[in-house]
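>>> Here you go, sequence then predicted model.
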Amino acid sequence: MSASTPRLKGLTVEEARARMLAAVTPLPAESIALAEADGRVLAQPVIAHRDQPPFDASAMDGWAVRRADLAAETTLRIVGESAAGHGYVQPLKAGEAVRIFTGAPIPAGADLVVIQEEAVREGETVRLGPAGQPNHVRPRGGDFHTGETLLAAGVKLDPWRLSLAAAAGQAALSVARRPRIVLLATGEELAQPGDTPGPFQIFESGGVGLAAMIRRWGGEPHRLAATGDDIAAIADAVREVQADLIVTVGGASVGDHDLVKPALETLGLTLAVETINIRPGKPTWFGTLGAKTPGGGRRVLGLPGNPASAFVCAELFLKSLVLAMLGADPAPRLELIALAQSLPANGPREHWARARITPGGVRAFADQDSSLVTVFAQADALLRRAANAPAAGEGELVEILRLERG
Ligand SMILES: Nc1nc2c(c(=O)[nH]1)N[C@H]1C(S)=C(S)[C@@H](COP(=O)(O)OP(=O)(O)OC[C@H]3O[C@@H](n4cnc5c(N)ncnc54)[C@H](O)[C@@H]3O)O[C@H]1N2
Ligand code: MOO
């Protein structure tokens, strides 16, 4: 291999992800109504154009007064009312009190709100205790100030953040366009759920899960009809596809019937990743179709057919690609957690074990075969073991990637 030819096989997880991310850029922005923006990623920051609260406001129902008026016990003349949405407009003079409610503006001249439980109303006057009691005034701008960045570009919107954007008065938000991701499952053995499988067929289970993952991560999945293990059929299925990313499932390995790469070679496939030093998911690959044509070509991620291999590599690579196209941080968020068991030394491939988080720490499932959909359905984390990691004892901290489970 010459120095200028990059190594394509046995890449580390980080190397492979970096190669993939180098091939994608954030998608253009679009403006959408605030109420439609849950789950979308901001393309432009949300900036405050007003202070919140926009005036000094009462935090309690009580009495707005002048602190200087308060002695050991004071009786003040009630001159009016300030309710939420309706202020008391005259400045407060010495010896006066204004009845005030939560959220209402503090009248000019007042600098103290006394909670009503600490006061006794006597007709047109109110009797208050000594000064020095807690002040129930929320200062203007106490939540945010004009000009402040409330939500940065790249932030994913959720119910709390939508509410913040609403509090800033935003009716529409600039968000990244959803990446259109086309999924193609391949394999003679695949029957669709609902169809009658042949004697040596299994139901296709990868596509529906991957499409749901893509949707949750902010992409727009489109599933093609599965093809058999046939070079011409696979090439025909992909030839006219318009997508920000094409994801194939199965046919990634080295068997005589693993034909996805040979099929896409007929469409000008240039590989950036050929295999990854990972378990499960070693045959995962990434490349570009017709890269030498103007526009850079269409990107393709090849996932292995084993469901756990496909799903682990979707979590580790496909999710990063989706986030990068959305302009969000693509790095998986790993956490440290104690082992609830001891683990033997790891082999030469970086292992992402399906695991469960228990009150005593994280525990890997005993059977890590990559075909097991039952195990994946119960896992709530992936436990990372570095290539050749030594044996680990119970209580030792390990890295996990938490899965979004209900
Ligand atoms: N001689 C070698 N054999 C294999 C190697 C190797 O390095 N040398 N790698 C193994 C590893 S690791 C994996 S992972 C698999 C992945 O192979 P493929 O991507 O080519 O996947 P298939 O052969 O098409 O399928 C594997 C397995 O998964 C089932 N499958 C496929 N697609 C789906 C789907 N959409 N839904 C549900 N199940 C699916 C398929 O029936 C197979 O059982 O290769 C090893 N072999
Ligand atoms: O990498 Mo394969 O995914 O070990 O089964």
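Received the coordinates, thanks. Residues are numbered from 1 along each chain as shown. Ligands and ions are numbered 1, 2, ... in the order given.

>>> and the closest residue to ligand 1 within the stretch 251-400 of the chain, helix, strand or coil?
Nearest to ligand 1 in the stretch 251-400 of the chain, going by Cβ to the nearest ligand atom, is Gly305, at a distance of 2.5 Å. C-betas here are computed from N, CA, C, even on glycine. The three-state label given to Gly305 by DSSP: H, G, I helix; E, B strand; the rest coil is coil.

>>> Can you give me the buried ones in stretch 251-268?
Gly251, Ala252, Ser253, Asp258, Leu259, Val260, Lys261, Ala263, Leu264, Leu267 (16 or more other Cβ atoms under 10 Å).

>>> residues making contact with that stretch?
186-188, 229-235, 238-239, 248, 250, 269, 271, 283-285, 287, 289-293, 297, 300, 302-305 (Cβ atoms under 8 Å, 6 or more residues apart in numbering).

>>> what about 6 Å?
Thr186, Asp229, Ile231, Ile234, Ala235, Thr248, Pro283, Leu289, Gly290, Gly302, Pro304 (Cβ atoms under 6 Å, 6 or more residues apart in numbering).

>>> The fifth one: how many residues sit nearby?
Translated: Ala235. Using other Cβ atoms under 10 Å, Ala235 has 18 other residues around it.

>>> so what's it closest to, chain neighbours aside?
By the measure of Cβ to Cβ, 6 or more residues apart in numbering, the closest residue to Ala235 outside its immediate chain neighbours is Ala263, 4.6 Å from it.

>>> can you confirm the one you found is in a helix?
Yes: checked against three-state DSSP, Ala263 lies within a helix.

>>> how about the residues of the stretch 151-300 of the chain near ligand 1?
185, 187, 189-190, 202, 204-207, 249-255, 258, 280, 282-283 (Cβ under 6 Å from any ligand atom).

>>> Narrow those residues to those that are buried.
Here, 16+ other Cβ under 10 Å leaves 185, 187, 189-190, 204-207, 249-253, 258, 280, 282-283 buried among these.

>>> Any regions of the stretch 51-200 of the chain where pLDDT drops low?
131-132 (pLDDT under 70).

>>> With Pro179 as the reference, measure out to the residue in it that ligand 2 sits nearest to.
Using Cβ to the nearest ligand atom, the closest approach of the stretch 51-200 of the chain to ligand 2 is made by Gly187 at 14.8 Å. From Gly187 over to Pro179 the distance is 25 Å, taken as Cβ to Cβ, to the nearest Å.

>>> same question, Glu315
The value you get for Glu315 to Pro179, if Cβ to Cβ is used, is 17 Å.

>>> Which of those two has more residues huddled nearby?
Just comparing Glu315 and Pro179: by other Cβ under 10 Å the higher neighbour count belongs to Pro179, 23 against 19.

>>> what's the helix or strand containing Leu336 packed up against?
Here Leu336 sits within strand 334-338, counting by DSSP states H and E. Applying 3 or more Cβ pairs under 6 Å, 6 or more residues apart in numbering; DSSP states H and E, one finds that strand 334-338 contacts strand 397-402.

>>> who does the strand it packs on touch, helix- and strand-wise?
By 3+ Cβ pairs under 6 Å, 6+ apart, strand 397-402 packs against strand 334-338, strand 381-385.

>>> I'd like these as JSON lines, with mean pLDDT appended.
Below are the helices and strands packed on strand 397-402 laid out as JSON lines (pLDDT from 0 to 100):
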{"stretch": "strand 334-338", "mean pLDDT": "98"}
{"stretch": "strand 381-385", "mean pLDDT": "98"}
